[in-house]
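[1] one predicted model, sequence on top.
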Amino acid sequence: MDDRNREAVRLERLYRLDDSELAVLNERWAGRTSSEIAGALRISQSAARFHLGNIYDKLEVTYDRGGTSLSRIMAYYAVLDNPTAPRIPRVENLPDDELTSPTRPSEQSLELVQDDDEALLAQRPVRPMEHEAAPPPDRRWLWPTVAVAIAALLVIALLLILLLGGDDDDDEAAGAETATAFTMNLDSTATALAGLATLDRQDLDATATALSGIATQDRQATDVAGTEAANATASAQPTETATPTEEPTATPEPTETPAPTETPAPTETPAPEATATPPPTQPTPIPGEIVYEADWANNPDEWELDDNWTIEDGTLVSANDGLRALLAPAAAVEQLNSASYAIEAVITITELDACDGTAGLIGRAALQPATGDREEFVSGYAGQVCTDGWSILAIPEDDPESDELASGDFSDIQIDDQPHTYRLEMDGETIRLYLDNTFVGEATDDRYEDAGSAGLQLDGTINIEASEFRVFAIETQ
């Protein structure tokens, strides 16, 4: 994908963010951690982390195909130079409920947010202890004390003058000398107090200047880190990304947790030893090289569309209902060396009545011609979802009625009218389904051993918009 197309994709993804998410993203661009973002926007840290996680999901950086998630987030900063880019809103104009109550993002994006927070902290230089400024002395009592002392001295002086005013000339002269001496003492006391206040103000100014210098150094270091990260570009090929600091901070090795001591079996009733069954692990998407990526914006004629599909503003749009499949061009799989590959697409469901329809991907597919009363259809392996469940299907070559290989209900995933990333992996005889990079389920089948074709498949009362479509070559596990 060239730079122009990459910028267009990033612009489209930025418009998926609401105003609160744009404000939070702007704080991340400034090199702030989730805790610092929470303080800047006056929200809880969990709300800041949820906003960042939703940003990662909507900008599709949860599946790391190259570089780091932080550098890929920073790469969107350059898009702001485009006059059509969304504007960053003012924080005071954001709705409180939208800013303080974000929806929960995917668990993988929350892990990336934590990793990026740690990376940002590791990039910051550590100042020597002798350079750290001591906190300013607490002298808030000084100015009230000075004011009270001066007022008391003025009152005493006034009383003395009044008392001495009624005596004879000698007493008046003596009183004048006393008043003069008292006034001199008053002036010297006031001068001393004013000097103390001046010294204290100088101390406070010096302390504030030192703290300001340290804050400036921190901000310069953060700006350098943000600038270097923004120069990194996302790549389909995994590339080594330069870190913003000369020497990255080593991540400490996790401490091995000692295994719990087994409870001895009762001696009264011996029982056969039970073999401990380890908990199942959740598979993660297999990394691979992109061998094909759809470009509906600049090359819409590459796909052969029928009446069920159109391309509008660079997006693939479905219509009608029933069983509908659309196969990608031959270039999507012709470079594959095996039948093990993954299909990934960003799909938004636009019409769905309860669970009366399913949408998803199909691989190792082949177009079966119409015979007799049977219309043409596509055979292969399909991974499909509806509002509350998923299924992995095998569609025979002689009958459009599918065989269900595996199915289940969603627990932590919610299908709505927002874009979601669908991923179907065909790894040898294992077919796995992912949604938003979260493992959904898998099945095993050996009937299709050729790469075939790849595409999208709908069934029932449902319609979609697809903004991205990719095919990856993966290594068999």
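    Thanks, I have it. What you see is a predicted model; the values in this text were computed from it and never measured. Numbering: from 1, shown residues only.

[2] how near is L316 to G372?
    Distance, L316 to G372, by Cβ to Cβ, to the nearest Å: 31 Å. Using the backbone N, CA and C atoms, a C-beta is placed for each residue, glycine as well.

[3] more crowded one of the two?
    More crowded of L316 and G372, by other Cβ atoms under 10 Å: L316, with 23 against 5.

[4] quick one, what contacts the more buried one?
    Neighbouring residues of L316 by Cβ atoms under 8 Å, 6 or more residues apart in numbering: A294, W296, W303, W309, T310, L326, L456, E465, A466, S467, F469.

[5] next: V91.
    Contacts of V91 (Cβ under 8 Å, 6+ apart): A23, L41, L99.

[6] what is the subsequent helix or strand relative to the lowest-mean-pLDDT helix or strand in the chain?
    Sorting the helices and strands of the chain by mean pLDDT, DSSP states H and E puts helix 169-230 at the bottom, at a mean of 47. Under the assignment DSSP states H and E, the closest C-terminal helix or strand after helix 169-230 is strand 289-293.

[7] can you list the strands that that following strand pairs with?
    strand 453-473 (antiparallel) (DSSP bridges).

[8] which other residues reach the helix or strand containing R432?
    Following DSSP H and E, one finds R432 within strand 430-435. Strand 430-435 is touched from outside by 283, 285, 360, 381, 383, 385, 390, 392, 405, 413, 420-425, 439-445, 477, with contacts defined as Cβ under 8 Å, 6+ apart.

[9] can you do 7 Å?
    Outside strand 430-435, the residues within contact range by Cβ atoms under 7 Å, 6 or more residues apart in numbering are 283, 285, 381, 383, 385, 390, 392, 405, 413, 420, 422-425, 439-445.

[10] now the buried members of those.
    285, 381, 383, 385, 390, 392, 405, 420, 422-425, 439-443, 445 (16 or more other Cβ atoms under 10 Å).

[11] in helices, which of these fall?
    Members of these lying in helices (criterion: DSSP state H): none.

[12] these in strands, which ones?
    381, 383, 385, 390, 392, 405, 420, 422-425, 439-443 (DSSP state E).

[13] count the neighbours of D295 for me.
    17.

[14] so which strand or helix has it?
    Per DSSP H and E, there is no helix or strand for D295.

[15] thinking again about what came up before, nearest to E344 among the ones in strands among the buried ones among the contacts of strand 430-435?
    R423 (4.6 Å; Cβ to Cβ).

[16] what's the separation between A394 and A365?
    For A394, the distance to A365 - Cβ to Cβ - is 11 Å.

[17] please name the nearest non-neighbouring residue to E442.
    Spatial nearest neighbour of E442, excluding adjacent residues (Cβ to Cβ, 6 or more residues apart in numbering): R432 at 4.3 Å.

[18] show the pLDDT at the one you found.
    Looking at R432, its pLDDT reads 95.

[19] follow-up on the earlier one: list only buried entries from the contacts of L316.
    Here, 16+ other Cβ under 10 Å leaves A294, W296, W303, W309, L326, L456, E465, A466, S467, F469 buried among the contacts of L316.
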